[in-house]
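Q: need a 3D model of the sequence below.
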Amino acid sequence: MKYESTFNAIDAILRNEAGCSTELDYIEQTSWLLFLKYLDDLETERELKAQLTGKDYKRLVVGDFRWSAWAAPKNDKGELDLINALTGDDLVDFVNTKLFPALKNYKNIASSANTLEYKIGEIFSELRNKINSGFNLREIINKVDTLSFQSAEDRHEMSVLYEDKIGRMGNAGRNGGEYYTPRPLIRTIVKVVNPRIGETVYDPACGSAGFLCEAFSYMRNQIKSSEDSDTLQLSTFYGKEKKGLPYIIATMNMIFHGVAAPNIVRGNTLAENLTNITERDRKNVILANPPFGGKERAEVQQNFDIKTSETAYMFMQHFIKMLKANGRAGIVIKNTFLSNGDAAAVRRKLLEECNVHTILDLPSGVFQGAGVKTVVIFFTKGAPTRNIWYYQLNLPRTLGKTNPLSEADLEEFVRLQKTQAISENSWLLDVASLGEDCDLSVKNPNKPEIIDERTPAQILDTIASLNENSANLIQQIRELL
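A: Numbering: from 1, shown residues only. Next up is the predicted model:
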């Protein structure tokens, strides 16, 4: 648990740093330092592997900008060289005026956008150092330097804890909440959609890249050759993110999970006109959770056949257009999409052009602090919908910060979904029975109706008892005052 204790210690230091005030700041500042240490270990590993095979490896980060030069120079005993290690104002000045500008320039000198060198340049073009105290910065660097990322176990432990930090960032405020989806839910969606090596996986509102990271972890188990590995690294995962901080975190998150040069770009997906999407652009699998309740400018709305100001409804049109024939999707969306009159035309388009085979109804509390009810819609492009299998997740507890959703909660859904079995929590809807509004509201016909068998007199007695208890409680409070 060395990573957890180190992360907690770093957060404690950042709480005393004037330039950092929220969980968003903590993860941003921790991320760039973790990234540079991770990168240094990664390059050292590659260098050693090259030596074993008699090859040369050219490091990307060299000279004064290597971690071992500016952050953690060592003496002959392998201990921090206190004489040459920068600290205080000298350290902050080096980071702000030399290190960040040099790394930012990697974007200009990289051979292509699909290289780790280019991604380094992108990351440091978007970030800035907010740790104003050089003594705080030195203390954090010393803690980060104790971490090692040279084994698969180390990298896995670090990536799990990094995801936990992203989760806390997601719950730190409304902006964060737009781009964090509980990982147990993501893993379940990936299982159901079942992406395979050779297919492309796309998230056009990728946030911190949770869907792409989990899809990579899932598909990595399918690797049978070096060709498969190269396919996953270079031509499988694609993402786009509008906002700066989640875009940077998405890039680093994928690198931490093992994708060396993620195909993630920063931009507004909805600004792209649907008519400009060609077969070459389309993907086999789409996994996404578009922002809740967002709005776009009038000129952006003109990019869509069905005009709407709700970003989720625009994204749904984008998903349909971007899927290849027989392509599959698992989409998290507010449950109001199923019945809202403004979304009727989008629902009709979805049902006509895709086979919506499954709808998972989630309880409140899945998205902590968001205050919304959501569903997951699974569909395949190329044939109209005939029947929809619904599953309503009914849990014996209330979800919240101390009782989050787990994969175990979703095990029955995954099991029954394979055969679309009927149960107390699942049923089929015949789409032919729908009206013009294509209302897909969740209406469980199998849920037992709870009948109150008390007589009117018994109900009145219960009310009288409750009133008496309330009166006694009020009197006790008054006596205390």
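
Q: can we go C-alpha only for contacts and neighbour counts from here?
A: Noted.

Q: tally of neighbours for the closest residue to N289 other than its chain neighbours?
A: The shortest distance from N289 to any non-neighbouring residue, by C-alpha to C-alpha, 6 or more residues apart in numbering, is to V332 (4.7 Å). Using other C-alpha atoms under 10 Å, V332 has 25 other residues around it.

Q: cool, G63 as well?
A: When neighbours are defined as other C-alpha under 10 Å, G63 has 10 of them.

Q: just the pLDDT at it, thanks.
A: Looking at G63, its pLDDT stands at 94.

Q: and the gap between the nearest residue in space to it that is not next to it in sequence and D164?
A: Residue nearest to G63 in three dimensions, not counting chain neighbours: A69, with 7.1 Å by C-alpha to C-alpha, 6+ apart. Using C-alpha to C-alpha, to the nearest Å, one obtains 30 Å as the distance from A69 to D164.

Q: kindly list the longest strand within the chain.
A: Assignment by DSSP state E gives strand 323-334 as the longest strand of the chain.

Q: what comes into contact with that one?
A: Strand 323-334 is contacted by residues 189-190, 193, 279, 282-290, 292, 312, 319, 372-382 when judged by C-alpha atoms under 8 Å, 6 or more residues apart in numbering.

Q: 7 Å instead?
A: 189, 193, 282-290, 292, 372-382 (C-alpha atoms under 7 Å, 6 or more residues apart in numbering).

Q: just to revisit the earlier point, and for the residue nearest to G63, the neighbour number?
A: 15.

Q: re earlier: what about the residue nearest to N289, distance to Y180?
A: 12 Å.

Q: again, but for K307
A: For K307 relative to Y180 (C-alpha to C-alpha), the value is 27 Å.

Q: of the two, who's got more company?
A: A direct count of neighbours by other C-alpha under 10 Å for K307 and Y180 places Y180 higher, at 25 against 17.

Q: does that one count as helix, strand or coil?
A: Here Y180 is coil, with the state taken from DSSP: H, G, I helix; E, B strand; the rest coil.

Q: wait, isn't it in contact with E163?
A: No - the pair Y180 and E163 does not pass the contact test of C-alpha atoms under 7 Å, sitting 9.7 Å apart.

Q: quick one, strands of this structure?
A: Remark: strands assigned in the chain by DSSP E are 201-203, 237-241, 263-266, 283-288, 323-334, 354-361, 374-381, 387-392, 426-430.

Q: what sits up against the third one?
A: In this case it means strand 263-266. Outside strand 263-266, the residues that touch it by C-alpha under 7 Å, 6+ apart are 114, 237-242, 247, 251.

Q: of these, buried ones?
A: Among the contacts of strand 263-266, the ones that count as buried by 16 or more other C-alpha atoms under 10 Å are 114, 237-242, 247, 251.

Q: show me the two of those residues that sit farthest apart.
A: Pairwise distances across the buried ones among the contacts of strand 263-266 (C-alpha to C-alpha) peak at 19.2 Å, for the pair N114 and K242.

Q: ok, of the contacts of strand 263-266, which one's closest to N84?
A: T251 (32.2 Å).

Q: show me what contacts the nearest residue to the closest one once chain neighbours are set aside?
A: Excluding the flanking residues, the one nearest T251 by C-alpha to C-alpha, 6+ apart is P262, at 6.2 Å. Taking C-alpha under 7 Å, 6+ apart as the criterion, P262 is in contact with 251, 254-255.

Q: need those in TSV (columns: pLDDT).
A: Shown next, in TSV, are the contacts of P262 (pLDDT from 0 to 100):
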residue	pLDDT
T251	92
M254	92
I255	91
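
Q: no further questions, thank you.
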